[in-house]
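Student: Give the three-dimensional model of this entry:
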Amino acid sequence: MLLAVLLMLTIFTLLYFLITGELPAQERVKPKKIAEHAIPLAIAAVFFTGGSLVFMSPLSGFLSAVLGWLLVAWLKDYLNKREYRKIKEGSRDFISSATALLRSGLAMPEVINKTAAQLKPPLSEDFQAMYARYEMAGSKFPKMFKDLAAKYGVQEFDAISSIVSATEYSGGGQAAAKGFARLGSALRKRDKLLAERAKETMEPMIAAWVVIVMMLAGIVVDVTFLRDMFQDAAAKLVLSAALALTLLMLVMARKLGQSKDLD
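Tutor: Numbers count the residues shown, from 1 in each chain. The predicted structure is shown next:
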């Protein structure tokens, strides 16, 4: 039991170092940091136990624990990216709505107020807060859009800020409408290029996943129908090597579909 606990602590330290790039200093370990890693560590412990039993060796259990840790990290990354794309879509909706509203003669404060009711959360609350700060304290919209860009990491808000700032004292609403129209057109062209880029990676991605599925199917056959053949140490080492190769293929397939220019 003590050996299993020590091994899990070693796994946690190794995974933390691999993901963060540094070992945590004792004075910087805080309850929030511990809670942040509690779930992936618990999942890794479950995978370690299950992997050790199914694949008949602690080494395979370790590889299973790595997979469990990575699955939690990948799920968290997926949820974060889904929220990020939701914010980007909201910024595009604002650009389209603002173009039409400014062309109809509305001023920027009225545009912010109207679009706040049309956008989905959390942007709807952000725009309501922007309008309230403008009304109560005279806050500047370019600065508030800059703050939104920093908050969500969405570059579209930086571009919006620049357009509003450039036309705030010169050109007025019609100039801002033209700026938003050009920005919307540029973003649509960029989306088309990114779609073509994504298509180029589709074929190797499919090939990679076919290989992964075949390898997983082979491993399942080994630990079920051919389990008696993997009772000695050498055979268990071969099984661990197959798991390691499959894990490496999973990481490579994920990297292949994670080009930053596709975000």
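
Student: C-alpha only now, for contacts and for neighbours.
Tutor: OK.

Student: Can I get stretch 104-113 in CSV, CA atoms only?
Tutor: The C-alpha coordinates for stretch 104-113 follow below in CSV (Å, rounded to 0.1, in the frame of the first residue of the first chain):
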residue,chain,number,x,y,z
SER,A,104,-29.3,53.6,-39.5
GLY,A,105,-28.0,56.7,-37.6
LEU,A,106,-27.7,55.4,-34.1
ALA,A,107,-24.8,56.6,-31.9
MET,A,108,-22.3,54.2,-30.4
PRO,A,109,-23.8,54.3,-26.9
GLU,A,110,-27.2,53.4,-28.3
VAL,A,111,-25.5,50.6,-30.4
ILE,A,112,-23.9,49.2,-27.2
ASN,A,113,-27.2,49.3,-25.4
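
Student: and that stretch, which residues are buried?
Tutor: Burial within stretch 104-113, assessed by neighbour count using 16 or more other Cα atoms under 10 Å, is assigned to 106-108, 111-113.

Student: swap in stretch 57-72?
Tutor: Buried-residue list, stretch 57-72, by 16+ other Cα under 10 Å: 57-70, 72.

Student: Output the buried residues of stretch 104-113 in JSON lines, with pLDDT, secondary structure and distance to residue 152 appended to each entry.
Tutor: Below are the buried residues of stretch 104-113 laid out as JSON lines (pLDDT from 0 to 100; DSSP: H, G, I helix; E, B strand; the rest coil; distance: Cα to Cα, whole Å):
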{"residue": "106", "pLDDT": "94", "secondary structure": "coil", "distance to residue 152": "27"}
{"residue": "107", "pLDDT": "93", "secondary structure": "coil", "distance to residue 152": "25"}
{"residue": "108", "pLDDT": "94", "secondary structure": "helix", "distance to residue 152": "22"}
{"residue": "111", "pLDDT": "96", "secondary structure": "helix", "distance to residue 152": "21"}
{"residue": "112", "pLDDT": "96", "secondary structure": "helix", "distance to residue 152": "18"}
{"residue": "113", "pLDDT": "95", "secondary structure": "helix", "distance to residue 152": "20"}
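
Student: Report the rounded mean pLDDT for the top helix by length along the chain.
Tutor: When the chain is parsed with DSSP state H, its longest helix is helix 172-223. Confidence for helix 172-223, expressed as mean pLDDT, is 91.

Student: just curious, which of the buried residues of stretch 57-72 is nearest to residue 232?
Tutor: residue 57 (10.3 Å; Cα to Cα).

Student: what's the next secondary structure element after the helix or strand hosting residue 43?
Tutor: In this assignment (DSSP states H and E), residue 43 forms part of helix 31-55. Heading C-terminal from helix 31-55, the first helix or strand you meet, by DSSP H and E, is helix 58-103.

Student: Show me how far that following helix is from its chain's centre.
Tutor: 4 Å (Cα atoms, centre = their mean, to the nearest Å).

Student: and that helix, what does it pack onto?
Tutor: Here helix 58-103 touches helix 2-20, helix 31-55, helix 108-118, helix 155-167, helix 172-223, helix 233-256, going by 3 or more Cα pairs under 8 Å, 6 or more residues apart in numbering; DSSP states H and E.
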